[in-house]
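S.K.: make a model of this:
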Amino acid sequence: MANDFTFSITTTPFDEDYSPSDSSRITTNFANLARGEHRRENLRNALTMIDNRFNGLAHWDNPNRDRYSVELEIVTVELQFAAGGEDQEFPLLEVLDIQVLDQRTETRHHGIVGNNFSSYLRDFDFSVLLPAATEAAGTFTVPDDFGSLHGKLFQHFLDSGAYRERFSTSPVICISVSTSKEYRRTANHHPILGVEYQQDDYSLTDEYFGKMGLQVRYFMPPGSLAPLAFYFRGDLLGDYTNLQLIGTISTMETFQKIYRPEIYNANSAAASIYRPSLEQQDFSRTQIAYDRVERNQLAAKQGKYTEEHFVKPHGELLQRWAAEYPVLVG
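M.R.: Sure, this is the predicted structure:
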């Protein structure tokens, strides 16, 4: 079973010349920015926002707030099946890798890999499997073992030679907090991650990432308007340097300001008891175009693509493999 499939990694620079590959999910944050007639302007503006936010957080020995620039690479992971035939390769996931250029010393610092998380299989789970189970039951229903295969494949990738040869630390995924949950500010304060928030129970997304072996903590960094959800292995506060954490915050907060301005570009900061809402009207839009309705429609389309080219042709093999794969859920 161990030799039924392997992983391969390719990388693509994410800069103002970026164009999505044929295998990239077109709903992915960075791919959305690279579409339409204003694609280059979108990309340039987003990258400028990331650099400005980074320098604002890394303010020590940086009087002009221009010492650092952030360089991003899209990491594409393909799953390659040993058996011949059609659909032998499938784009399993995409994440972002960060490099930080110190322009004063002309040195590079490796940031955190992960950040944005893109997965066709997650589209299938949330846009095909979950609605089908709910429709069949007549009420909202989470299928048995929901996200289990996805989680095991992700953990298997992190433990693979392909990952370990390229990355020395575990990934951190950073996304929006859930609009279905209430968050409470705590007394815990980190100099870079900011003030910590907690909630009483996990969202479906939190549980899904848990099956990927990732814990979650919620922090609102200095100058931010709402907490971010950080998913990680190990010790979020101890395993990474200040510059690494700042790279993730500046990159992912920028994406969230574009895609969820009601939360992350609001005109007032989150209160001590906070319930995120996309119905909030008191916010400012960025100058970057984005169609959230289209993105939701495309997620369903991509879920169907996954069903046709991954789940149906390889489902039996994958389920046999998953049944034998031991997982310690974070």
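S.K.: where in the stretch 1-150 of the chain is pLDDT low?
M.R.: Across the stretch 1-150 of the chain, the ranges flagged by pLDDT under 70 are 1-2, 21-32, 34-37, 84-85.
S.K.: can you pull out the strands in it?
M.R.: With DSSP state E, counting those that start in this stretch as the criterion, the stretch 1-150 of the chain has strands at 5-14, 68-81, 89-102, 107-110, 114-118.
S.K.: pairing partners for the last one, with directions?
M.R.: Based on DSSP bridges, the strands next to strand 114-118 in the sheet, each with its direction, are strand 89-102 (antiparallel), strand 172-176 (parallel).
S.K.: show me which residues of the longest one are buried.
M.R.: For strand 89-102, the neighbour count (16 or more other CB atoms under 10 Å) marks 90, 91, 92, 93, 94, 95, 96, 97, 98, 100, 101, 102 as buried. Using the backbone N, CA and C atoms, a C-beta is placed for each residue, glycine as well.
S.K.: contacting residues for the third one?
M.R.: Contact analysis of residue 92 by CB atoms under 8 Å, 6 or more residues apart in numbering lists 7, 77, 78, 79, 119, 120, 121, 153, 157.
S.K.: same thing with the last one?
M.R.: Neighbour list for residue 102: 67, 68, 108, 109 [criterion: CB under 8 Å, 6+ apart].
S.K.: 6 Å - rerun?
M.R.: Applying CB atoms under 6 Å, 6 or more residues apart in numbering, we find residue 102 in contact with residue 68.
S.K.: who's it bridged to?
M.R.: Assessed by DSSP bridges, residue 102 has beta-bridge partners residue 68, residue 107.
S.K.: any idea how far residue 249 is from it?
M.R.: 17 Å (CB to CB, to the nearest Å).
S.K.: what do you get for the third one?
M.R.: Note on residue 92: its distance to residue 249, by CB to CB, is 26 Å.
S.K.: and the first one, by the same measure?
M.R.: Per CB to CB, residue 90 is found 32 Å from residue 249.
S.K.: picking up where we left off before, could I get the strands paired with strand 114-118 as CSV with distance to residue 114?
M.R.: Output for the strands paired with strand 114-118, formatted as CSV (distance: least, CB to CB, whole Å):
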stretch, distance to residue 114
strand 89-102, 5
strand 172-176, 5
